[in-house]
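sequence first, predicted coordinates after that:
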Amino acid sequence: MFIVALFVYCMHMIVLLLFGELLFLYLLAARLTQAIYDLTMLLTRSRAVAVTVVTLLAFPGTVIHELSHLFTAEVLGVRTGKLTLVPESIREEEVKTGSVMIAATDPFRRYTIGLAPVFAGLMAITALSYLLSLSTTYDLLSIFYFYLLFAVSNSMFSSREDLKGFIPFILTLTILIAAAYIAGIRVGLTGPILAFVIKILDALTKSLGVVLALNIIGLLLVNALIAATARLTHRTLHRT
């Protein structure tokens, strides 16, 4: 019993760490993308070029993001429409690097489809981190893996449109789960299944740790380049 309780405690701690890493990565990804856009704007003074650079850097992640929406919708029996993997307009204040049309459906399927890129991104990050761990030297393939980690981690999060109305839904679901718990309904993991789940969660947290480190280094480097470029060119950023 003691070993099982220890495993359960470890799983809870790992889950908390995983959510913390995801939240930090979400905040970091938005800032890094904006910083790359700002640097390109300083260098080129062209919104079209800046949007193109950000789109190209994020393209592999955009493909995974939109296809995960599409495939999840198809599996759940929800009709899909036009799929785009590049911005349709650069004049809008918030440029969408891709989109897929999804028919209206019930809240459960809508939010499952909306959150699909997060789970697809986590699987991709774990696979890429594993491939990187097999590399003994930093060659072109390793650099390509790092690029894919950057692209996926900065494109995996669901947009506000994907999760519109999500907070009321998750609050309702939380209340139902709490009511079931109080009523004595338990869903527990024991033995090999529990150990397997902990192993998977541990791999995810380590993979996200690698991605967070890459993004932090990237953000510091880009911000340093922005400051240096602004001093050398005497240009300032004018966001619209």
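Structure's in. What do you need? Numbering: from 1, shown residues only.

middle-most residue in the chain, spatially?
Closest to where the C-alpha atoms of the chain average out (Cα atoms, centre = their mean) is residue 156, at 2.8 Å.

and that one, how far from residue 45?
Going from residue 156 to residue 45 by Cβ to Cβ, to the nearest Å gives 31 Å. Heads up, the C-betas are built off the backbone N, CA and C, glycines and all.

and residue 108, by the same measure?
Using Cβ to Cβ, we find residue 108 at a distance of 47 Å from residue 45.

cool, residue 236 as well?
Here the criterion is Cβ to Cβ. By it, residue 236 lies 11 Å from residue 45.

neighbour count for the two, which is higher?
residue 45 (12 against 7; other Cβ atoms under 10 Å).

next one: phi and psi at the more buried one?
Backbone torsions for residue 45, taken as degrees, to the nearest 10, come to phi 60, psi 30.

now it. Nearest residue, chain neighbours left out?
Distances taken as Cβ to Cβ, 6 or more residues apart in numbering place residue 235 nearest to residue 45, at 7.6 Å, with adjacent residues excluded.

mind listing what that neighbour touches?
Contact analysis of residue 235 by Cβ atoms under 8 Å, 6 or more residues apart in numbering lists 42, 45, 229.

so the first one sits against residue 237, correct?
Yes: proximity of residue 42 to residue 237 meets the contact threshold set by Cβ atoms under 8 Å, at 6.5 Å.

overlap of the contact sets of these two?
Both residue 42 and residue 237 are contacted by 226, 230, under the criterion Cβ under 8 Å, 6+ apart.

how about the strands in the chain?
Along the chain, the segments classed as strands by DSSP state E run 80-84, 99-102.

in JSON lines: those, plus mean neighbour count, mean pLDDT and distance to residue 214.
Output for those, formatted as JSON lines (neighbours: other Cβ atoms under 10 Å; pLDDT from 0 to 100; distance: least, Cβ to Cβ, whole Å):
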{"stretch": "strand 80-84", "mean neighbour count": "12", "mean pLDDT": "89", "distance to residue 214": "28"}
{"stretch": "strand 99-102", "mean neighbour count": "18", "mean pLDDT": "88", "distance to residue 214": "27"}
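
CSV for those, including distance to residue 172?
Formatted as CSV, the strands of the chain follow (distance: least, Cβ to Cβ, whole Å):
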stretch, distance to residue 172
strand 80-84, 26
strand 99-102, 22
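
among the ones you listed, which is nearest residue 23?
Distance to residue 23, taken as Cβ to Cβ, is lowest for strand 99-102 among those, at 24.7 Å.

contact partners of the closest one?
For strand 99-102, contacts defined as Cβ under 8 Å, 6+ apart pick out 66, 69-70, 73, 78-84, 88, 110, 113.

try 6 Å
The contact list for strand 99-102 (Cβ atoms under 6 Å, 6 or more residues apart in numbering) reads 66, 69, 70, 73, 80, 81, 82, 83, 84.
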